[in-house]
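>>> Pasting the sequence and the predicted model now:
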Amino acid sequence: MVQQIKNCKELIPYLKDIIEDEGIVVDISEQIAPGKIAIIKVDEYYAGLHIASLPKAIDFLAVVDCECDSFAMYLLELKNVHSPKFLIIKDIHEKFGNTIDDFLSKRFRQIFLNDKYKYKKILLYLVSDAYRLSGKYAGFDEYKKVKEKINRRDSLKTEMNLGTKLFRFRGKILHISFDIPPNPVIKRVL
């Protein structure tokens, strides 16, 4: 699938080597060889169509080859906002919905719905530092403890609001998870 994406003439202009938008960066595992990952800037693809009514779309789609025609797929929306109140959940849901329903299931169905490819995992992420936590903690475990405290006091509960809408793709039920940069780390799924 990775090679099919990289050979697709419609997608070649939108292939990237890094996942970065609005000053937000998502790490890619060093264990992934360049030939084993394809990263597509989905919103740029739609902007390149030059149509009057652009559908909302996520920022990035990353596909990682996990060997034996099995893959991990990451759908990523990156938001650089200063407060969770600026995360408009309805718009975020619409971006993921359009990407799954149009980009994956219609425009490029020959790639993403091809039965010869198996998905080990399909992960949807909103990546934002709305709580201004990035870089303040020594490790992921320390960050998780603080995040749990925030969730207990945060009346909006961004993560819970994101999870109110479920998506379906290739028989899998999916929900959006919230994380801060540089997490999630894009990696192979064994």
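Sure, I can see it.
>>> Let me see the contact set for the closest residue to P55 other than its chain neighbours.
Once flanking residues are discounted, P55 sits nearest to N98: 4.5 Å by CB to CB, 6 or more residues apart in numbering. Every C-beta, even on glycine, is put in place using the N, C-alpha and C of the backbone. By CB atoms under 8 Å, 6 or more residues apart in numbering, the contact set of N98 is 55-57.
>>> Mark which of those residues are buried, thanks.
The neighbour-count test (16 or more other CB atoms under 10 Å) marks 55-57 as buried among the contacts of N98.
>>> Just the closest of these to D27, please.
A57 (22.4 Å; CB to CB).
>>> Give me the distance between that closest one and Q3.
A57 is 23 Å from Q3, where distance means CB to CB, to the nearest Å.
>>> in the protein, which spans are helices?
Listed in chain order, the helices of the chain (DSSP state H) span 2-7, 42-47, 89-98, 109-112, 140-153, 158-162.
>>> quick one: average pLDDT of the shortest one?
Averaging pLDDT along helix 109-112 yields 97.
>>> Could you tell me which ranges of this protein sit under the pLDDT cut-off?
Applying pLDDT under 70 to the chain flags residues 130-161, 163.
>>> can I assume F108 is in contact with Q4?
No - using CB atoms under 8 Å, F108 is not in contact with Q4, being 9.5 Å away.
>>> Looking at those two, which is more packed in?
Set F108 next to Q4 and count neighbours by other CB atoms under 10 Å: F108 wins out with 20 against 16.
>>> quick one: contacts for L54?
By CB under 8 Å, 6+ apart, the neighbours of L54 are 46-47.
>>> Bridged to the residue nearest the centre of the chain, which residues?
Closest to where the C-alpha atoms of the chain average out (CA atoms, centre = their mean) is L76, at 1.7 Å. When bridges are called by DSSP bridges, L76 pairs up with F60, Y125.
>>> Pretty sure it sits against A62.
Yes - using CB under 8 Å, L76 is in contact with A62, at 6.9 Å.
>>> Overlap in contacts, the two.
I19.
>>> And for stretch 39-52, what's in contact with it?
So stretch 39-52 is contacted by 5, 10-11, 13-19, 54-55, 57-62, 99, 103 (CB under 8 Å, 6+ apart).
>>> what do you get if the cut-off is 6 Å, keeping everything else the same?
Defining contact as CB atoms under 6 Å, 6 or more residues apart in numbering, one finds that stretch 39-52 is touched by 11, 14, 16, 54, 57-59, 61-62, 99, 103.
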